[in-house]
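Novice: coords below, sequence missing:
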């Protein structure tokens, strides 16, 4: 049930945070009947443009709609929240043309505009913008036994202790409830799917059996020890996704690079050097992706 999991909180399983980062999501929806000059880039080119730098990321199933995600430094993040709160207080919609008109020299607006231009997304097709607080975190355990007191008459799955009836149930966490990864690595949905498949397989192994006649029997008692395989799988998945991907992005903040970029904004020579470096990265990324099977 997501990062703010009620089940996890009820089970008193704490979250361990590795660090936070700021970003924003710029939603866009490009219609079909538009001039050729406003057509979106193909997904293959979007992939190369995204992989070659760590400031902008396009997240979309196809090129016409999706999100342009932008990593922000603290000052940019606070400015975005302040502006959106102002729009909310004045009960007026947010849109890029008004933002450009009111704050033409805003560093935040320059970043949004550069990101849209980088991926050739026309500003008039932006429909929303939202701040994103990224919290790379995880739980140390994903399976826990809970004891539930029951007022009803005991049955085969209930226990009695000093005239108190209770039932032991298992809580299993998966997806964002168990581990929230940095979306820049592009592994959030994959992580949730992998944990769901692993839990399903563990349930089949632990709770299903065949009788001598070939009939499939379902066991209603699944003790904690039967789910140690799932605990082990999630520990390995956590090590790979957090240590191997998310933390690689988190431990290399963009703050220093952004401050340098602000300083060199009006220096044509420095701008040209950055452009040449980006083109070289794009070529290396293209060549690397071409070699993939």
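Specialist: In hand now; what should we look at? Keep in mind the model is a prediction, meaning the values are calculated, not measured.
Novice: going forward, measure contacts between C-alpha atoms and count neighbours the same way
Specialist: Fine.
Novice: what about the stretch 1-150 of the chain, any weak spots by pLDDT?
Specialist: 95-105 (pLDDT under 70).
Novice: show me where it has strands.
Specialist: Counting by DSSP state E, counting those that start in this stretch, the stretch 1-150 of the chain has these strands, from start to end: 15-29, 56-62, 65-72, 126-139, 143-149.
Novice: Adjacent strands (with direction) for the first one?
Specialist: Applying DSSP bridges to the sheet, strand 15-29 is found paired with strand 65-72 (antiparallel), strand 126-139 (antiparallel).
Novice: what's the distance between residue 60 and residue 71?
Specialist: Distance of residue 60 to residue 71, given as CA to CA, to the nearest Å: 17 Å.
Novice: typo on my end, residue 200
Specialist: When residue 200 is compared with residue 71 (using CA to CA), they lie 35 Å apart.
Novice: Flag every buried residue along stretch 122-130.
Specialist: Buried residues in stretch 122-130, counted by 16 or more other CA atoms under 10 Å: 122, 123, 125, 126, 129.
Novice: Stretch 274-284 now?
Specialist: Applying 16+ other CA under 10 Å to stretch 274-284 flags 281, 282 as buried.
Novice: For it, what is the distance to the chain centroid?
Specialist: In this view, stretch 274-284 has its centroid 27 Å away from the chain centroid, taken as CA atoms, centre = their mean, to the nearest Å.
Novice: Residues contacting it, please?
Specialist: With contacts defined as CA atoms under 8 Å, 6 or more residues apart in numbering, stretch 274-284 is touched by 48, 49, 52, 53.
Novice: Going along the chain, name the helices of this protein.
Specialist: 6-10, 43-51, 74-89, 96-102, 107-118, 188-207, 228-238, 247-250, 255-263, 268-290 (DSSP state H).
Novice: out of these, nearest to residue 19?
Specialist: With CA to CA as the measure, helix 247-250 is the member of the helices of the chain nearest residue 19 (7.3 Å).
Novice: What's the mean pLDDT across the closest one?
Specialist: Summarised as a single mean, pLDDT over helix 247-250 is 75.
Novice: before we move on, back to that, deepest in the core, which of the strands of the stretch 1-150 of the chain is it.
Specialist: strand 65-72 (a mean of 22; mean count of other CA atoms under 10 Å).
Novice: ok, and what's touching that strand?
Specialist: Applying CA under 8 Å, 6+ apart, the set of residues contacting strand 65-72 is 21-30, 54-60, 112, 115-116, 254.
Novice: ok so, going back, how about the strands paired with strand 15-29, which one is nearest residue 209?
Specialist: strand 126-139 (31.0 Å).
Novice: What angle do helix 74-89 and the closest one make with each other?
Specialist: Here strand 126-139 runs at an angle of 120 degrees relative to helix 74-89 (axes from the mean of the first three to the mean of the last three CA atoms, to 10 degrees).
Novice: quick check: angle from strand 126-139 to helix 228-238?
Specialist: Here strand 126-139 points in a direction 120 degrees away from that of helix 228-238 (the same axes, to 10 degrees).
Novice: Show me the residue sitting in the middle of the chain in space.
Specialist: For the chain, residue 183 is the residue whose C-alpha lies nearest the centre (CA atoms, centre = their mean; 3.6 Å).
Novice: OK, contacts around that one?
Specialist: residue 246.
Novice: With residue 242 instead?
Specialist: Contacts of residue 242 (CA under 8 Å, 6+ apart): 136, 181.
Novice: Could you tell me how far it is located from residue 53?
Specialist: 20 Å.
Novice: how many other residues sit next to residue 239?
Specialist: Using other CA atoms under 10 Å, residue 239 has 12 other residues around it.
Novice: quick revisit: next, format the contacts of stretch 274-284 as CSV and append neighbour count and distance to residue 108.
Specialist: Below are the contacts of stretch 274-284 laid out as CSV (neighbours: other CA atoms under 10 Å; distance: CA to CA, whole Å):
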residue, neighbour count, distance to residue 108
48, 19, 24
49, 22, 20
52, 19, 21
53, 13, 18
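Novice: Looking at those, which two lie furthest apart in space?
Specialist: Top of the distance list for the contacts of stretch 274-284 (CA to CA): 48 and 53, 9.2 Å.
Novice: okay, and the common contacts of those two?
Specialist: Shared contacts of residue 48 and residue 53, defined by CA under 8 Å, 6+ apart, are absent.
Novice: Spell out which residues make up each domain of the chain.
Specialist: As recorded under automatic domain parsing, the domains making up the chain are 18-135, 141-250.
Novice: Kindly check the end-to-end length of the longest one for me.
Specialist: It stands for domain 18-135. First-to-last residue span, domain 18-135, CA to CA: 8 Å.
Novice: Alright, I will stop here.
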